[in-house]
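# Give me a 3D structure for the following:
(one chain, ligands or ions: 1)
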Amino acid sequence: MIGIFDSGLGGLTVAGHIRRLAPTADILYFGDRARAPYGPRSAEEVLAFSSEITRRLLDAGARVIVVACNTASAAALHPLREQFPDTQFVGMEPAVKPAASHTTSGVVGVVATAGTLNGALYESVVARFGSGVTIIGAACPDWVDLVETGDMRTERSAEAVARCLEPLLEQGADRIVLGCTHFPLLGDDIARVVEGRAGIVDPGPAVARQTIRVASRLGIDRGDGHLAIQLTGDSRGLDAVIELVGLANPEVAVISGSA
Ligand code: DGL
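Numbers count the residues shown, from 1 in each chain. Now for the predicted structure:
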């Protein structure tokens with residue numbers, strides 16, 4: 001079984017790509033909505049939540065863990081690999097590398113949470129792949145909430161998205177990296193602002209391909225195609241997101257309180 005987690009519904013964008021590549025893989029998705037957003041929280045807190053959720057997914061039978069959250073990957077990926085040395089992890093990192101190699105203006109914008117932009121992982125990605133290119137990070141604090149409250153393709157989401165993206169475009173960015181797994185769900189709002197001005201870079205498909213490589217090495221890329229979704233908090237807005245990312249027939253459980 002492939003275990004996937006995020007602070008909320010955003011990681012379902014990654015789950016959707018995984019499902020497309022491996023239609024019969026068994027997937028257990030955990031969204032920690034009761035404690036979302038993770039972005040403004042300390043790295044220590046996000047690590048504690050991530051360890052707890054990893055333990056839960058492993059106890060349920062997951063053999064590979066996809067940290068489908070940039071904020072949790074930034075805070076927890078290295079420590080998780082140390083804490084669970086026998087477990088295979090696949091994490092997210094802002095896709096600065098492809099953006100830097102395709103920009104013609106020499107300016108790349110990265111939209112992410114504050115937690116991701118302040119972390120060492122982002123610093124290292126920029127240092128490794130951003131030489132000769134201007135990388136501008138923008139924390140878009142309300143975008144995660146917009147998705148969690150189902151506020152997509154609305155006047156409010158259009159305004160919030162434009163407010164964050166316009167300064168990047170005005171500074172010449174011709175590539176916008178989606179550094180948060182919630183953000184592809186605002187794809188229509190984002191496309192309306194950047195159309196003809198910049199390309200969007202989403203690392204989700206590459207992370208899904210990496211997950212399938214690991215899963216097939218472990219022999220768990222084929223199963224019954226079962227999809228279970230466990231959420232803390234509630235399941236508000238889940239159906240709309242499931243449909244947007246192309247997932248079908250999930251068995252949904254809402255778990256009260258924290259993980
Ligand atoms: N999907 C998470 C990410 O990729 C959202 C973080 C949050 O909860 O603030 O960073």
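# Just list what the helix or strand containing His78 packs against, helices and strands only.
In this structure, His78 is located in helix 70-83 according to DSSP states H and E. Helices and strands touching helix 70-83, as assessed by 3 or more CB pairs under 8 Å, 6 or more residues apart in numbering; DSSP states H and E, comprise helix 43-59, strand 64-67, strand 88-91, helix 114-117, helix 120-129. The way it works is simple: take the backbone N, C-alpha and C, and place the C-beta from them, glycine included.
# how does it look with 10 Å?
Packed against helix 70-83 by the contact rule (3 or more CB pairs under 10 Å, 6 or more residues apart in numbering; DSSP states H and E) you find strand 2-6, helix 43-59, strand 64-67, strand 88-91, strand 107-112, helix 114-117, helix 120-129.
# From the chain's centroid, how far away is the fourth one?
A distance of 13 Å separates the C-alpha centroid of strand 88-91 from that of its chain, computed with CA atoms, centre = their mean, to the nearest Å.
# That one near the ligand anywhere?
No - legend: contact between strand 88-91 and the ligand by CB under 6 Å from any ligand atom is lacking; minimum distance shown is 10.4 Å.
# Okay, now the sheet partners of that strand, with direction.
Partners of strand 88-91 in the sheet, by DSSP bridges, are strand 64-67 (parallel).
# With only the CA atoms kept, save the helix or strand that Ser216 is a member of in CSV.
Assigned by DSSP H and E, Ser216 belongs to helix 204-218. This file holds the C-alpha atoms of helix 204-218, laid out as CSV (Å, rounded to 0.1, in the frame of the first residue of the first chain):
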residue,chain,number,x,y,z
GLY,A,204,3.2,16.7,-8.9
PRO,A,205,3.6,14.5,-12.0
ALA,A,206,7.4,14.0,-11.4
VAL,A,207,6.8,13.1,-7.7
ALA,A,208,4.1,10.6,-8.8
ARG,A,209,6.6,9.0,-11.3
GLN,A,210,9.2,8.7,-8.5
THR,A,211,6.6,7.1,-6.2
ILE,A,212,5.8,4.5,-8.8
ARG,A,213,9.5,3.7,-9.4
VAL,A,214,9.8,3.1,-5.6
ALA,A,215,6.5,1.2,-5.4
SER,A,216,7.3,-1.1,-8.3
ARG,A,217,10.7,-1.9,-6.7
LEU,A,218,8.8,-2.9,-3.6
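# Determine the set of other helices and strands touching that helix.
By 3+ CB pairs under 10 Å, 6+ apart, helix 204-218 packs against strand 2-6, helix 12-21, strand 64-67, strand 88-91.
# repeat that for 8 Å
helix 12-21, strand 64-67, strand 88-91.
# so which of those is the most packed in?
strand 64-67 (a mean of 27; mean count of other CB atoms under 10 Å).
# CA atoms only: put it into CSV for me.
Output in CSV follows, covering the C-alpha atoms of strand 64-67 (Å, rounded to 0.1, in the frame of the first residue of the first chain):
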residue,chain,number,x,y,z
VAL,A,64,6.2,3.7,1.0
ILE,A,65,5.3,7.2,2.4
VAL,A,66,4.7,10.1,0.1
VAL,A,67,5.0,13.4,2.0
